[in-house]
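1. Starting from these lines, generate the structure:
(one chain, ligands or ions: 1)
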Amino acid sequence: MANSSQREKWGSKIGFVLAAAGSAIGLGNIWKFPYVVGQNGGAAFIIIYIICVFAIGLPVIIAEILLGRTTQRNPVGAFKALSNSKFWPYVGAMGVFAGFLILSFYSVVAGWSVGYIYESIAGVFSGFDSPNAAGNHFNQLTSNVYWGIGMLAIFIIISMLFVYAGVQKGIEKGSKILMPLLFILLIIVMIRGLTLEGSNEGLNFLFKPDWSKVSANTILEALGQAFFSLSLGMGAMLTYGSYMSKEDNIPKASLEIVFLDTIIAIIAGVAIFTAVFGTGQNAGEGPGLIFHTLPIVFTKMPGGYFVGIIFFILLTIAALTSSISLLEVVTAYFVDEKKWKRHNAVLVFGFLAFLVGIPSALSFNLMQNSKIFGMNFFDMANYLSSNVMLPLGGMLIALFVGYVWGIDKVLTELKYGSEKLFSKSRWIISVWIILVKYFAPVLIFLVLLQSLGIF
Ligand code: PHE
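-> A predicted model of the protein is given here:
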């Protein structure tokens, strides 16, 4: 087992926050959040989402990072280090599996983004004379088997290169430059969206709640999206936390990660829905949404040619800092627990993720109509991981920290780096304990039962 003194550490205090925000901020914010909002009726969904993020996501992210920092291990090793029971390491193993599954379909969408870098450089968008043209072009590309699988391969290979070389330097340095740049570009796209005629309709859709559209399923979707967007419930935050030192303030870092992740999702929502309504498109489009709408915005804005190129480069990079964290979880597990060489683990699991990604890529063409429970392979992998495995993992992490580990030990560990919070605002810690012990597990449990159709 990798000994904790040999284990790599983040180079700077903000290194962890940047890398973890890099993991959190990705396709979940820019691609998935808008289309899930679109499919679930808009503002009411966003309100439920924000409640899930702060009342459940934030307390669980603190718990997960704490498990990693305390044990300096991968998800399976962390549970082994803290309990003698055979059950808990399986929770870690489910996380590793979920990470692998997410990597497979996530890379399909990230591959589209890679492909769109080329499309934007080639000037394809400027030929779109109607909003439908962008949608048709997207459908044409994704219905091409070779394009889908080729782009998937390119993206996975790039992700593998980073993890193969060791991630810290690349991610830490890269995130510092690229994350703010992504932020600025999103704001530019948002301003362009806001100044389109008809953008008000988009804002109404986003900010005026229509509660009639809310069902129990909306809450499950919001919870799943919160876990997915925060990279929570499968050990990514745990693994990144394992490279952290005891001087770092976990509650503060967690709040920063959660805040950044949420604000980027909202900005992406504004940028995209003002454009969707401003150009007369359909909000409930599904996974193709941003690829249908943004190219139109780019054709209409001054300098749109360049903004389009930079946007898809940044979208790819945002996806990359997330996919690296997914592959890192699987790699850390095989390195720590199975004594594999890092390089071998990356090669084997990168390749396997590519193979498992193929049916997801084919879900937009050859296998479009091969459905299990009404879902194609891509939708199934997406649903199972976000709406089942991540919330289940998050619930079990909360239960472990709340009941199994021992609250005295938990608080001793949490206090390192956040002494001030403990002495000056102790009530925050008490609220956290209540959320982790009662609120988060009970709520997640009810939502999961509902999703299984139990009530
Ligand atoms: N949070 C990432 C995103 O929003 C996806 C992700 C999920 C990454 C789980 C790691 C673990 O794009």
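
2. measure residue 97 to the ligand for me?
-> According to Cβ to the nearest ligand atom, to the nearest Å, residue 97 stands 12 Å off from the ligand. The C-beta positions use only the backbone N, C-alpha and C, and glycine is treated the same way.

3. Repeat that for residue 156.
-> 15 Å.

4. Next, the contact list for that residue, please.
-> Counting by Cβ atoms under 8 Å, 6 or more residues apart in numbering, residue 156 touches 103, 107, 323, 350, 353, 354, 357.

5. Among those residues, name the ones in helices.
-> Of those, the ones assigned to helices by DSSP state H are 103, 107, 323, 350, 353, 354, 357.

6. got the residues of the chain near the ligand?
-> 23-24, 26-29, 102, 228-229, 231, 234, 236, 322, 325-326 (Cβ under 6 Å from any ligand atom).

7. With distance to residue 48 as new columns, can the contacts of residue 156 be given to me in TSV?
-> Formatted as TSV, the contacts of residue 156 follow (distance: Cβ to Cβ, whole Å):
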residue	distance to residue 48
103	28
107	29
323	28
350	36
353	32
354	35
357	31
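
8. could I get the residues you listed as CSV with neighbour count?
-> Compiled in CSV, the contacts of residue 156 are given as follows (neighbours: other Cβ atoms under 10 Å):
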residue, neighbour count
103, 28
107, 32
323, 28
350, 22
353, 26
354, 20
357, 27
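
9. Serialize the residues you listed to TSV and add fields for pLDDT.
-> TSV is the format used below for these (pLDDT from 0 to 100):
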residue	pLDDT
103	97
107	97
323	94
350	96
353	97
354	97
357	96
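
10. Those: which two are farthest apart?
-> 323 and 354 (11.8 Å; Cβ to Cβ).

11. still on that earlier bit, just the ones in helices from the residues of the chain next to the ligand, please.
-> Those of the residues of the chain next to the ligand lying in helices (DSSP H): 23, 24, 27, 102, 228, 229, 236, 322, 325, 326.

12. Ignoring the adjacent residues along the chain, who's closest to the second one?
-> When you say that, I think you mean residue 24. Nearest residue to residue 24 in three dimensions, chain neighbours excluded: residue 261, at 4.3 Å (Cβ to Cβ, 6 or more residues apart in numbering).

13. now swap in the first one and tell me
-> Counting by Cβ to Cβ, 6+ apart, residue 325 is the residue found nearest to residue 23 once chain neighbours are left out, at 3.7 Å.

14. what's the answer for the fifth one, then?
-> With Cβ to Cβ, 6+ apart as the measure, residue 386 is the residue that lies nearest to residue 228, at 4.3 Å, once sequence neighbours are left out.

15. do the third one as well
-> Closest residue to residue 27 in three dimensions, ignoring its sequence neighbours and counting by Cβ to Cβ, 6+ apart: residue 319, at 5.0 Å.

16. so who does that neighbour touch?
-> 26, 27, 106, 109, 110, 113, 155.

17. part of a helix, is it?
-> Yes - assessed by DSSP: H, G, I helix; E, B strand; the rest coil, residue 319 belongs to a helix.

18. any idea how far the residue nearest to residue 81 when sequence neighbours are not counted is from residue 405?
-> Among residues not flanking residue 81 along the chain, residue 71 sits closest, at 4.3 Å (Cβ to Cβ, 6+ apart). For residue 71, the distance to residue 405 equals 10 Å [Cβ to Cβ, to the nearest Å].

19. so how far is residue 257 from the one residue in the stretch 301-450 of the chain that gets nearest to the ligand?
-> Here the stretch 301-450 of the chain gets closest to the ligand at one residue, residue 322, 4.1 Å apart by Cβ to the nearest ligand atom. Separation of residue 322 from residue 257 (Cβ to Cβ): 13 Å.

20. Name the SS class of residue 184, please.
-> Once three-state DSSP is applied, residue 184 turns out helix.

21. and the residue of the stretch 201-350 of the chain found nearest the ligand, how many neighbours?
-> The ligand sits closest to residue 231 of the stretch 201-350 of the chain, with a gap of 3.5 Å, by Cβ to the nearest ligand atom. The local packing count at residue 231 equals 31, with neighbours defined by other Cβ atoms under 10 Å.

22. Pull the contacting residues for residue 318.
-> Per Cβ under 8 Å, 6+ apart, neighbours of residue 318: 22, 25, 26, 27, 29, 30, 178, 182.

23. My error: substitute residue 437 in the last question.
-> 398, 402, 403.

24. quick one: which of the contacts of residue 318 is nearest to the ligand?
-> Nearest to the ligand among the contacts of residue 318, with distances taken as Cβ to the nearest ligand atom, is residue 26, at 2.5 Å.

25. count of neighbours near the residue nearest to the closest one when sequence neighbours are not counted?
-> Using Cβ to Cβ, 6+ apart and skipping the chain neighbours, the partner closest in space to residue 26 is residue 322 (3.3 Å). Using other Cβ under 10 Å, residue 322 has 25 other residues around it.

26. Look up how far residue 422 lies from residue 322.
-> In terms of Cβ to Cβ, residue 322 sits 32 Å off from residue 422.

27. so where's the stretch 351-455 of the chain uncertain?
-> Applying pLDDT under 70 to the stretch 351-455 of the chain picks out residues 453-455.

28. show me where it has helices.
-> Assigned by DSSP state H, counting those that start in this stretch, the helices in the stretch 351-455 of the chain fall at 377-383, 390-399, 407-415, 419-424, 426-434, 440-451.
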